[in-house]
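> have a look; sequence and predicted model below, questions after that.
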Amino acid sequence: MPIQSAYELLNRSLIYHQGRPVGTAAACDESVVAANYNECFVRDFVPSALVFLMTDRHEIVRNFLETVMHLSGHQHVMKGHKRSMGLMPASFHVVTENGEEKVITDFGDRAIGRVTPVDSAMWWMILLRAYVVTTGDRTFAEREDVQRCISHILDLYLRERFESSPTLLVPDAAFMIDRRMAVYGYPLEIQALYYGMLLAARELLVDTESNKKIIGDLTAISNALVEHLQHYYWIDRKRFNQMHRFESEQFGRDVVNVLNVYPESIPGWMDGWLDARSGYMVGNVGPGRIDFRFFAQGNLLSILFGITTGEQAQRVMNLYLNHWDELVGEMPVKILYPAMVGEKWRFSTGSDPKNVPYSYHNGGNWPVLLWPFVTAAVRVGRLELAEQALNIMTKRLKNDNWPEYYDGRRGDLVGRRANFFQIWSATGLIIANEVLDNPESCALLDKALINGLTEGGN
Ligand code: GLC
């Protein structure tokens, strides 16, 4: 009964504040060495929230949205900077001091490596919309404090800085991959979330004079963003061939190789990787730089939020089919492919022993990624792939005690430093199972994450 024990684990992970459940811990592993896995991470709570929305436990999601909103609504001074009110914490937990409960946050001020959680506010906004469309509780989103919070987020994320493209520039490790992994710049996962967040915000903002301008701005950015991602990130045989023959050092407005990418920088593993029917979004794009690595979450969210066209989504699924052993293997789904090895690993990760090749963020297999995989596959009618992935996982995950990630090229080894009883591994399985087994849940998730959002996206 893997599903039943996944639910039990989820219930065990609930975190309470003033008697109300407000979140879920990242893991319920008693033996855990990492100090912060007992905290509620915003990104880890998202699949928990989707389960709660599917099972009529909406109030937990609402409590969470309120709690995180209050946590971000204070201005703190951090090392001389006034922290922006639109920034949301990576995680929080509740402690009791002298009989009083206190919520302790981590905005990157306590995190290993002091990493900034750029994705938190994006997930918060996407979740707020999911809550509103599934419950019909628009009054909550229209409350003055919630509208103020939305404005603070947009103020931060739409702020003009040094931009020459609609994509969002972020530091290394600003999202699920929260360690040095050469993901600085314009990583796909952040761009996909950014797009999802802007569309969600457009629906959530109430119709006022001052919001008209904000809605105009965010519509312009989201349109430009999807066009940019289509042009610069999408790669298939045709585009690859064009890159293979790129001329460089082109100056001026009407040039082909806009970013001055040298064809010599194309990695050897790309040779033969794409067949005539596959394609995907590359991991990162910047001046003189294309990161050709395949990042699962960024590609799957691009399908869910309608950044890819219908045909492109099929091509991504064809890529999964062609490279099943490398991208899924024995535990769905690999976080990225291929891993960085040797000198590249040394330079790019700072010799991080947790991120050695084919482990953890550097090409480990993460059970949580089953839910976006299955949801995306079902959405584009590739049921056979969704079912195959779910079957592989169902056989193993519970017996292995719900590890956080798996190691190895085929993802067949329990991660060397993985936590056990990791909540998003369990919720990943619950969601995938619900999507495939229960048409009502499938429709609900479709509505929560996709419907309406994609208008104009394709
Ligand atoms: C690790 C993961 C991060 C996750 C956290 C809690 O730091 O990289 O994505 O949010 O663990 O599970």
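Right, received. Where do you want to start? If you're wondering where the values come from, they're calculated on a predicted model, not measured in any experiment.
> quick one: name the residues of the protein near the ligand.
Listed as neighbours of the ligand in the chain under the rule C-beta under 6 Å from any ligand atom: 26, 41, 43-44, 176, 178. (C-beta placed from N, C-alpha, C; glycine too.)
> which intervals of the stretch 1-150 of the chain have sub-threshold pLDDT?
Within the stretch 1-150 of the chain, the ranges that satisfy pLDDT under 70 run 32-34.
> just to revisit the earlier point, dump the residues of the chain next to the ligand to TSV, plus secondary structure.
What follows is the residues of the chain next to the ligand, written out as TSV (DSSP: H, G, I helix; E, B strand; the rest coil):
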residue	secondary structure
26	coil
41	strand
43	helix
44	helix
176	coil
178	coil
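> now, which of those residues sits nearest residue 206?
The closest of the residues of the chain next to the ligand to residue 206 turns out to be residue 43 (C-beta to C-beta; 27.2 Å).
> quick one, what contacts the closest one?
Going by C-beta atoms under 8 Å, 6 or more residues apart in numbering, residue 43 touches 90, 117, 119-120, 123, 175-176.
> now with 6 Å?
For residue 43, the contact set (C-beta atoms under 6 Å, 6 or more residues apart in numbering) comprises 119, 123.
> can I get stretch 132-143 in PDB, CA atoms only?
Extracted as PDB, the C-alpha positions of stretch 132-143 are listed here (Å, rounded to 0.1, in the frame of the first residue of the first chain):
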ATOM      1  CA  VAL A 132      -8.500  30.400  -6.000                       C
ATOM      2  CA  VAL A 133      -9.500  28.500  -9.200                       C
ATOM      3  CA  THR A 134     -10.100  25.200  -7.300                       C
ATOM      4  CA  THR A 135     -12.000  26.600  -4.400                       C
ATOM      5  CA  GLY A 136     -13.700  29.600  -6.000                       C
ATOM      6  CA  ASP A 137     -12.600  31.700  -3.000                       C
ATOM      7  CA  ARG A 138     -11.800  34.900  -4.900                       C
ATOM      8  CA  THR A 139     -12.500  37.000  -1.800                       C
ATOM      9  CA  PHE A 140      -9.300  35.800  -0.300                       C
ATOM     10  CA  ALA A 141      -7.200  36.900  -3.300                       C
ATOM     11  CA  GLU A 142      -9.100  40.200  -3.300                       C
ATOM     12  CA  ARG A 143      -8.300  41.000   0.300                       C
END
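> what's the burial count for the nearest residue to residue 446 once chain neighbours are set aside?
Distance criterion C-beta to C-beta, 6 or more residues apart in numbering; nearest residue to residue 446, sequence neighbours excluded, is residue 379 at 7.1 Å. Neighbour count for residue 379, taken as other C-beta atoms under 10 Å: 22.
> just residue 78 next, same as before
Neighbours of residue 78 under the rule other C-beta under 10 Å: 11.
> run through the bridge partners of it.
As for beta bridges, residue 78 partners with residue 81 under DSSP bridges.
> from residue 109, how far out is it?
Here residue 78 is placed at a distance of 6 Å from residue 109 (C-beta to C-beta, to the nearest Å).
> can you show me the strands along the stretch 251-400 of the chain?
Using DSSP state E, counting those that start in this stretch, the strands of the stretch 251-400 of the chain run over 279-281, 284-286, 289-291, 294-295, 336-337.
> off-centre distance for the second one?
Right, the one you point to is strand 284-286. Centroid separation for strand 284-286 versus its chain: 17 Å, with C-alpha atoms, centre = their mean, to the nearest Å.
> that one pairs with which strands, and in what direction?
Here, using DSSP bridges, strand 284-286 pairs with strand 289-291 (antiparallel).
> list the buried ones in the strand it pairs with?
Judged by neighbour count (16 or more other C-beta atoms under 10 Å), strand 289-291 contains these buried residues: 290-291.
> can you tell me what sits against that strand?
In contact with strand 289-291 (C-beta under 6 Å, 6+ apart) are residues 261, 282-284.
> cutoff 8 Å now
182-183, 185, 243, 259, 261, 265-266, 282-285.
> do stretch 131-149 as well
Outside stretch 131-149, the residues within contact range by C-beta under 8 Å, 6+ apart are 49, 53, 58, 61-62, 65, 69, 72-73, 128-129, 150, 203-206, 444, 447-448, 451-452.
> give the buried residues for it.
Buried-residue list, stretch 131-149, by 16+ other C-beta under 10 Å: 131-135, 141, 146-147, 149.
> show me what residue of the stretch 101-250 of the chain gets nearest to the ligand.
Closest residue of the stretch 101-250 of the chain to the ligand, C-beta to the nearest ligand atom: residue 176 (4.0 Å).
> ok, that residue touching residue 119?
Yes. Using C-beta atoms under 8 Å, residue 176 makes contact with residue 119 at a distance of 7.1 Å.
> who touches both of the two?
Taking C-beta under 8 Å, 6+ apart as the contact rule, residue 176 and residue 119 both touch 43, 189.
> helices - which of the contacts of strand 289-291 land there?
Members of those lying in helices (criterion: DSSP state H): residue 243.
> near residue 18, how many other residues are there?
Other residues within reach of residue 18, judged by other C-beta under 10 Å, total 10.
> ok, it to the ligand distance?
Separation of residue 18 from the ligand (C-beta to the nearest ligand atom, to the nearest Å): 24 Å.
> list phi and psi for the residue lying closest to that residue once chain neighbours are set aside.
The spatially closest residue to residue 18, leaving aside those adjacent along the chain, is residue 101, at 6.3 Å (C-beta to C-beta, 6+ apart). For residue 101, the backbone dihedrals (degrees, to the nearest 10) come out as phi -80, psi 140.
> which residues are in contact with stretch 397-417?
By C-beta under 8 Å, 6+ apart, the surrounding residues in contact with stretch 397-417 are 2, 5-6, 9, 27, 325-326, 328-331, 334-335, 354, 358-360, 363-367, 418-422, 425-426, 429.
> again, only using 6 Å
Identification of contacts with stretch 397-417 by C-beta under 6 Å, 6+ apart yields 2, 5, 329-331, 354, 358-360, 364-367, 418-422, 425-426, 429.
> taking those residues one by one, which sit in helices?
2, 5, 425-426, 429.
> restricted to buried residues, select those in PyMOL.
Buried residues within the ones in helices among the contacts of stretch 397-417, by 16+ other C-beta under 10 Å, are selected in PyMOL with:
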select buried, resi 2+425+426+429
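> possible to save the ones in helices among the contacts of stretch 397-417 as TSV with distance to residue 307?
Formatted as TSV, the ones in helices among the contacts of stretch 397-417 follow (distance: C-beta to C-beta, whole Å):
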residue	distance to residue 307
2	32
5	35
425	26
426	28
429	26
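> what separates the residue nearest to residue 429 when sequence neighbours are not counted from residue 394, distance-wise?
In space, and not counting its chain neighbours, residue 429 is closest to residue 6: 5.3 Å by C-beta to C-beta, 6+ apart. Using C-beta to C-beta, residue 6 is found at 10 Å from residue 394.
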